[in-house]
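Q: Quick one, fold the following:
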Amino acid sequence: MEPMTKILSVGLEAGLSQKDLERATTRIIQTLPSSISGDGESSARLLAGLEKNLTDNPMLVAWGLKVAAHASDTVWQKFVDNFVIGVVTERKNAVATTKKDLGYHPPVTLVLNPTMRCNLRCNGCYAYSFNKNSDMDRSLLEKVLTEARELGIQFITITGGEPFLYPDIEGLFENFSDMIFMVYTNAQYIDSDRARRLSRPCPGRYPRPAGPRTELGTGAESGKIVL
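A: Presented below is the predicted three-dimensional model:
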């Protein structure tokens, strides 16, 4: 099966409509070649990764298609900058350095729990059994992210607890604007002011919210917000 046929099949299985798929594939075709123009090695690595994930991890491809289908133009470009270019292609040098210095490849993603506090007590959730009085120290959290960046880790998964109970977590996203953050949240603490802050431009390659569009331009799906 040809890659494009596989991509369309993955998108349909993930619940995207034909209109969504048309928008997503058009964006991908228009954006990616210009983003990595003149870099044949990056292009080859990107295509090889796409074909591998179509077989091994199709849900990752489906996630990218959903972002391409539903995000605003600016958000989509930031997703390309921070995830497709930053994570998929540009991290090669950092990975090679880590392999040389430490003897192993760094992971692609890092999972952080800034707080285990939560306003809910859902059946089956592990968070409620943890100490609620031990938020991660801000300086330690920033140190971990700085070291992750140096190792070539740019994709950060934020979970908890409810991450938006952590003081000024938006400032953390702004300070590490070259990374991409996937935040697992119940979204009950995302009011209009917070949504606007998450959506506003920041210096550098800021990974702003992506996903199904709402009135304020943020995205939430199945308890997950992509920042």
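
Q: Ramachandran angles for Met182?
A: phi -110, psi 120 (degrees, to the nearest 10).

Q: what bridges to it?
A: For Met182, the beta-bridge partners under DSSP bridges are Thr157, Val226.

Q: Could you check how far Phe155 is from Thr74?
A: 20 Å (C-beta to C-beta, to the nearest Å). No exception for glycine: its C-beta is placed from N, CA and C like everyone else's.

Q: Look at the two and report which has more neighbours.
A: Neighbours per residue, other C-beta atoms under 10 Å: of Phe155 and Thr74, the larger number sits with Phe155, 20 against 13.

Q: Quick check: that one touching Pro106?
A: No: assessed by C-beta atoms under 8 Å, Phe155 is found out of contact with Pro106, at 11.1 Å.

Q: can you tell me the helix or strand for His105?
A: Using DSSP states H and E, His105 maps to neither a helix nor a strand.

Q: Outline the domain layout of this structure.
A: Dividing the chain into domains by automatic domain parsing, as the record does, gives the ranges 1-70, 93-227.

Q: Let me see the ranges of the helices in the chain.
A: Assigned by DSSP state H, the helices in the chain fall at 3-13, 18-35, 40-56, 58-70, 73-79, 92-102, 138-150, 169-175, 192-199.

Q: from the chain's centre, how far out does the second one sit?
A: Relative to the centre of its chain, helix 18-35 is centred 18 Å away, using C-alpha atoms, centre = their mean, to the nearest Å.

Q: could you give the angle of that helix to helix 58-70?
A: 90 degrees (axes from the mean of the first three to the mean of the last three C-alpha atoms, to 10 degrees).

Q: Dump helix 18-35 to CSV, keeping only the CA atoms.
A: Provided in CSV are the C-alpha atoms of helix 18-35 (Å, rounded to 0.1, in the frame of the first residue of the first chain):
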residue,chain,number,x,y,z
GLN,A,18,-12.9,13.5,4.1
LYS,A,19,-12.9,17.3,4.4
ASP,A,20,-10.5,17.1,7.4
LEU,A,21,-8.2,14.7,5.5
GLU,A,22,-8.2,17.0,2.4
ARG,A,23,-7.3,20.0,4.6
ALA,A,24,-4.6,18.0,6.5
THR,A,25,-2.9,16.5,3.4
THR,A,26,-3.0,19.8,1.6
ARG,A,27,-1.3,21.5,4.5
ILE,A,28,1.3,18.8,4.8
ILE,A,29,2.2,18.9,1.1
GLN,A,30,2.4,22.7,1.0
THR,A,31,4.3,23.1,4.3
LEU,A,32,6.8,20.4,4.8
PRO,A,33,8.8,20.6,1.6
SER,A,34,9.5,24.4,2.1
SER,A,35,10.3,23.8,5.8
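
Q: now the angle from it to helix 3-13?
A: Compare the direction of helix 18-35 with that of helix 3-13 by the same axes, to 10 degrees and you get 140 degrees.

Q: And helix 18-35, what does it pack against?
A: Using 3 or more C-beta pairs under 8 Å, 6 or more residues apart in numbering; DSSP states H and E, the elements in contact with helix 18-35 are helix 3-13, helix 58-70, helix 73-79.

Q: swap in the fourth one?
A: Other helices and strands packing on helix 58-70, by 3+ C-beta pairs under 8 Å, 6+ apart, are helix 3-13, helix 18-35, helix 40-56, helix 73-79.
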